[in-house]
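*Asks:* please work out how this folds:
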Amino acid sequence: MKVLVTYNIPRESFARLGKEHTITMPEGEYFTTEELIKLVPDYDVILGIFTRTIDNAVIEAGKKLKVISNFGVGYNNIDIKFARSKGIAVCNTPKAVCFPTAEMAMGLMLSAARRITECDRRIRVEKESMWGVMKNLGFTLEGRTLGIIGRSIPNECYLLQSPEYSGRIRES
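*Replies:* Down below sits the predicted model:
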């Protein structure tokens, strides 16, 4: 099976595929629409990314296409009705961004609590004058309650990332 990857995503994603699969990825950041139209006639699968539209011209050029998938959660960049009218399945890979999203949420929470971003900006401007025993404390998350709103894959991953969290976790 031949897979055309529209964007230069992490290559380890394809490590488990056997030699019967041919993977083609762009040398640069991504293939242009024109490049996709030239390449796609020989491929069975397109793996795209949500920021790059897979339009009707690309779908029409894909004479052998069986599947169009997105590396990520949505597929609003693909004309699903048109693809399905051509007998092409459309899907996504929601778990591909699950842990990165959860890690970003954890990082933002820690950054806000410990004032990391604020202190980084201030130290670049104020240099020595910004330091003081009580100036940059922020607050600890120890013993705090972590609220998770909604039941989603990234929220599930967030909970998995937080097993040592000594506070309480509340879900709604």
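*Asks:* which residues are in contact with the residue lying closest to Lys38 once chain neighbours are set aside?
*Replies:* The shortest distance from Lys38 to any non-neighbouring residue, by C-beta to C-beta, 6 or more residues apart in numbering, is to Ala61 (8.0 Å). No exception for glycine: its C-beta is placed from N, CA and C like everyone else's. Going by C-beta atoms under 8 Å, 6 or more residues apart in numbering, Ala61 touches 36-38, 40-41.
*Asks:* show me the residue sitting in the middle of this structure in space.
*Replies:* Here the mean C-alpha position of the chain is nearest to the C-alpha of Val97 (C-alpha atoms, centre = their mean), at a distance of 3.7 Å.
*Asks:* and the residue nearest to it when sequence neighbours are not counted, what's its pLDDT?
*Replies:* In this structure, Val97 finds its nearest non-sequential neighbour in Gly72, 5.1 Å apart by C-beta to C-beta, 6+ apart. At Gly72, the model reports a pLDDT of 81.
*Asks:* quick check: which element contains Gly72?
*Replies:* Under DSSP states H and E, no helix or strand contains Gly72.
*Asks:* try the one 4 residues further on
*Replies:* Using DSSP H and E, Asn76 sits within no helix or strand.
*Asks:* can you pull the pLDDT of it?
*Replies:* Per-residue pLDDT puts Asn76 at 88.
*Asks:* so how far is Thr6 from Ile23?
*Replies:* Distance check for Ile23 against Thr6: by C-beta to C-beta, to the nearest Å, it reads 12 Å.
*Asks:* is it true that Asp55 touches Asp79?
*Replies:* Yes. Contact criterion C-beta atoms under 8 Å: Asp55 and Asp79 qualify, at 6.9 Å.
*Asks:* higher neighbour count, these two?
*Replies:* For Asp55 versus Asp79, neighbours defined as other C-beta atoms under 10 Å are more numerous around Asp79 (18 against 15).
*Asks:* pLDDT wise, what is that one at?
*Replies:* As predicted, Asp79 sits at a pLDDT of 92.
*Asks:* Ile46 - how many residues pack around it?
*Replies:* Neighbour number of Ile46 under other C-beta under 10 Å is 27.
*Asks:* quick one: list the elements packing against the helix or strand harbouring it.
*Replies:* Ile46 belongs to strand 45-48 when assigned by DSSP H and E. Packing contacts for strand 45-48, counted by 3 or more C-beta pairs under 8 Å, 6 or more residues apart in numbering; DSSP states H and E, involve strand 2-5, strand 67-70.
*Asks:* looking at these, which is buried most?
*Replies:* Among the helices and strands packed on strand 45-48, ranked by average contacts under mean count of other C-beta atoms under 10 Å, first place goes to strand 67-70 (a mean of 22).
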